[in-house]
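S.K.: missing the sequence, but the structure's below:
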C-alpha cells in the first residue's frame, strides 16, 4: 500500500517534470523559460525528498536545502538582468 | 538501484538531453546561459541518484548558481560597449 | 499505529505531487506569462509543502531539517515570483487578450 502510493507520487512528480521541460523547450521568450526553470527547481526538491525516503539516508536533505536557496538566487539574478542589465 | 530510482533517472536523462538541445540550438544568448544552468541542475540530480550527495551539492552550488550568476553579470557588463 | 502514520504520510505525498502535476499542466495551458507565473508558483509551493508534511509523517526523526526546507521555501518562493513578474511588466511582456484591468500601468494625462 505505502510502496504503491510512493510509486504513484514519483510518477506524478515525473509528469510535472516532463511538462515543465516541454514549456522550457517551446517557450517563446526568455521570461517563460525562467518560469519553467523555477518550476523544475521546485519539482527537483520533491524528487530529492522521494529519493531520500527510498534510500533512507538523511544526508540527501542537505542537497534539497541548497536547492531551496539556489532557485531564489537564480531567478533574482535573471530578473535583474532583464530589468536593468546590471 | 530500485525500480523507482531507475524510472526517475530515465526521466532526468530525457530532460537533460532536451535542455542540452535548447542550449545548443537557441539563438539568443540569455536563453543559452539559462539552458546551460538547467543542464547543470539536472546533472546534479543525476549525481544525487547515483549516491554522491557531496558532489551533487557542489555541482548545484557552483554549476547552477555561481556560473549562471557570473555569466549574466558579464553579459550585462559587455552588452553596451563591445568593440566590433 | 506505525502503519497508520505511514499510510497518512503516503497520502500526503500523493496529494502534494498531484498539486505539482497541476502546476505543470497550468504551465503548459495558460495563455500568457503572468498566468504562468501564477500557476507555476502558487500550486508548486503548496505541493512542496504538502510533500514535506508527508515526509515528516513517514520519518518523524527528520522533522527539523524538513521544516527548515519548508521555511526557506516559504520565504524565497513568493519573493522570486514577485520580482520576476515586476521585471516582466517593466520590459513590456505582452498580456493576454482577455486581460480586463491592469492597475500597475499609469493612465496617460490623468494624474490622480
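M.R.: Perfect, thanks for sending it. From a predicted model like this one, the values you see are computed outputs, not experimental measurements.
S.K.: Any stretches of chain C with poor pLDDT?
M.R.: Chain C contains residues with pLDDT under 70 at C:1, C:106-112.
S.K.: Now do the same contact list for residue 41.
M.R.: Let's take chain A. A:67, A:70, A:71, A:74, B:41 (Cβ atoms under 8 Å, 6 or more residues apart in numbering or on different chains). All C-beta spots, glycine's among them, are computed from the backbone N, C-alpha and C.
S.K.: try again with chain B
M.R.: Neighbours of residue B:41 in contact, by Cβ under 8 Å, 6+ apart: A:40, A:41, A:44, B:60, B:63, B:64.
S.K.: In terms of helices and strands, where is residue 72?
M.R.: Assuming you mean chain A. Using DSSP states H and E, residue A:72 falls within helix A:60-83.
S.K.: I was thinking of chain C, sorry if that wasn't clear
M.R.: Going by DSSP H and E, residue C:72 is part of helix C:63-90.
S.K.: same deal with residue C:97?
M.R.: Counting by DSSP H and E, residue C:97 is part of no helix or strand.
S.K.: quick one: the strands in chain B?
M.R.: In order along the chain, chain B carries no strands (DSSP state E).
S.K.: Flag the shaky bits of it, pLDDT-wise.
M.R.: B:1, B:80-84.
S.K.: what about the longest helix in it?
M.R.: helix B:3-25 (DSSP state H).
S.K.: near chain C, anything from that one?
M.R.: No - on the criterion Cβ under 8 Å from any Cβ of the partner chain, helix B:3-25 is out of touch with chain C, staying 12.2 Å away.
S.K.: Other residues contacting that helix?
M.R.: A:6-7, A:10-11, A:14, A:17-18, A:21, A:24-25, A:40, A:47, A:50-51, A:54-55, B:1, B:31-32, B:35-36, B:38-39, B:42-43, B:45-46, B:49-50.
S.K.: quick one, helices of chain B?
M.R.: Taking DSSP H as the test, the helices found in chain B are B:3-25, B:29-49, B:53-58, B:67-78.
S.K.: now for those helices, which one comes closest to residue C:89?
M.R.: For residue C:89, the closest of those is helix B:29-49, at 18.1 Å, according to Cβ to Cβ.
S.K.: If you count neighbours, what's buried in that closest one?
M.R.: Neighbour-count burial for helix B:29-49, counted by 16 or more other Cβ atoms under 10 Å in any protein chain shown, picks out B:30-49.
S.K.: So what angle separates the directions of that helix and helix B:3-25?
M.R.: 160 degrees (axes from the mean of the first three to the mean of the last three Cα atoms, to 10 degrees).
S.K.: what residue is smack in the middle of chain A?
M.R.: Nearest to the geometric centre of chain A sits residue A:41, at 2.2 Å (Cα atoms, centre = their mean).
S.K.: Chain neighbours aside, what residue packs nearest to residue C:68?
M.R.: Among residues not flanking residue C:68 along the chain, residue A:65 sits closest, at 6.7 Å (Cβ to Cβ, 6 or more residues apart in numbering or on different chains).
S.K.: Let me know whether the one you found touches residue C:72 as I believe.
M.R.: Yes - shown here, residue A:65 and residue C:72 form a contact pair, counting by Cβ atoms under 8 Å, at 6.9 Å.
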